[in-house]
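Trainee: one predicted model, sequence on top.
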Amino acid sequence: MGVLADGINLPLVIAWGLAVFVPLTLLVVSIECLVLRWWFSVPFRKSFGIVLLANVLSTVAGWIVYGTQGAILAALGIRRMHDFAKYYLWAALVLIALYYLKSVAVEGLVIARRRVAEPLGLTRGRLWGGVFAANAASYLFVGPLFYFATQQCNLFSVIVLRLDHANIA
């Protein structure tokens, strides 16, 4: 029985992953489409497909950042769990900024490659400005969500505080 405790239920992991990924992606795409509608005067429906494709490809590219996350944290001097708990806010801010820049780069390239700018008479600067603004709007939602969803349990802090209090008394 102990061997099964460490097993991974792959269908359950996939189901929960899709249950989170699909609504979250649709919400992010909707936020970005609303910003682009305002920024470029493009109808929501017209931008939805390209923005959805750009976000899916951005998510795939996010695995590269995720794969280097350990090295990034080590470069910040975070090598132990205690350091991670102590400097989590700063580590999260750096990672959120990197994910944001990755999103802007990937989504901007996808949108530029799909030749969205020419039919609308947009300059490259205006196109990239819209991508920056759309991602900034979506990251105002996703950034705090990332922070709170990945924040370590405060149990560690409670134990440390109790031990410190016991040493003082």
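Mentor: Received it, and whenever you're ready, just let me know what you need.
Trainee: please make it C-alpha for all contacts and neighbour counts, starting now.
Mentor: Fine.
Trainee: now do the helices in the chain.
Mentor: 2-5, 10-40, 44-75, 81-86, 88-113, 117-120, 124-150, 155-168 (DSSP state H).
Trainee: tell me which strands and helices the third one is in contact with?
Mentor: Looking back up the chat, that one is helix 44-75. Where contact means 3 or more Cα pairs under 8 Å, 6 or more residues apart in numbering; DSSP states H and E, helix 44-75 is packed against helix 10-40, helix 88-113.
Trainee: closest to Val60 out of the ones you listed?
Mentor: helix 88-113 (9.9 Å; Cα to Cα).
Trainee: what's that closest one packed up against?
Mentor: helix 44-75, helix 124-150.
Trainee: got a markdown table for the helices of the chain, with mean neighbour count and mean pLDDT too?
Mentor: Compiled in a markdown table, those are given as follows (neighbours: other Cα atoms under 10 Å; pLDDT from 0 to 100):
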| stretch | mean neighbour count | mean pLDDT |
| --- | --- | --- |
| helix 2-5 | 7 | 53 |
| helix 10-40 | 15 | 92 |
| helix 44-75 | 16 | 91 |
| helix 81-86 | 14 | 81 |
| helix 88-113 | 18 | 92 |
| helix 117-120 | 12 | 71 |
| helix 124-150 | 17 | 90 |
| helix 155-168 | 11 | 48 |
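Trainee: list the residues that contact Gly121.
Mentor: Residues counted as contacts of Gly121 (Cα atoms under 8 Å, 6 or more residues apart in numbering): none.
Trainee: how much space separates it from Lys46?
Mentor: 15 Å (Cα to Cα, to the nearest Å).
Trainee: do the same with Val104
Mentor: 20 Å.
Trainee: repeat that for Leu36.
Mentor: 10 Å.
Trainee: again with Thr68
Mentor: 35 Å.
Trainee: Trp39 touches Phe132, doesn't it?
Mentor: No - using Cα atoms under 8 Å, Trp39 and Phe132 do not qualify as a contacting pair, with a distance of 10.8 Å.
Trainee: can you pull the contacts of Ser30?
Mentor: Contacts of Ser30 by Cα under 8 Å, 6+ apart are Phe48.
Trainee: what of Leu12?
Mentor: Leu12 touches nothing, counting by Cα under 8 Å, 6+ apart.
Trainee: quick thing: my sequence starts at 58, can you match it?
Mentor: New numbering, starting at 58: the last item is Leu69.
Trainee: can you tell me how far the nearest residue in space to Ala193 that is not next to it in sequence is from Ile129?
Mentor: Leaving aside its sequence neighbours, Ala193 sits nearest to Tyr157 (Cα to Cα, 6 or more residues apart in numbering; 7.8 Å). Per Cα to Cα, Tyr157 is found 15 Å from Ile129.
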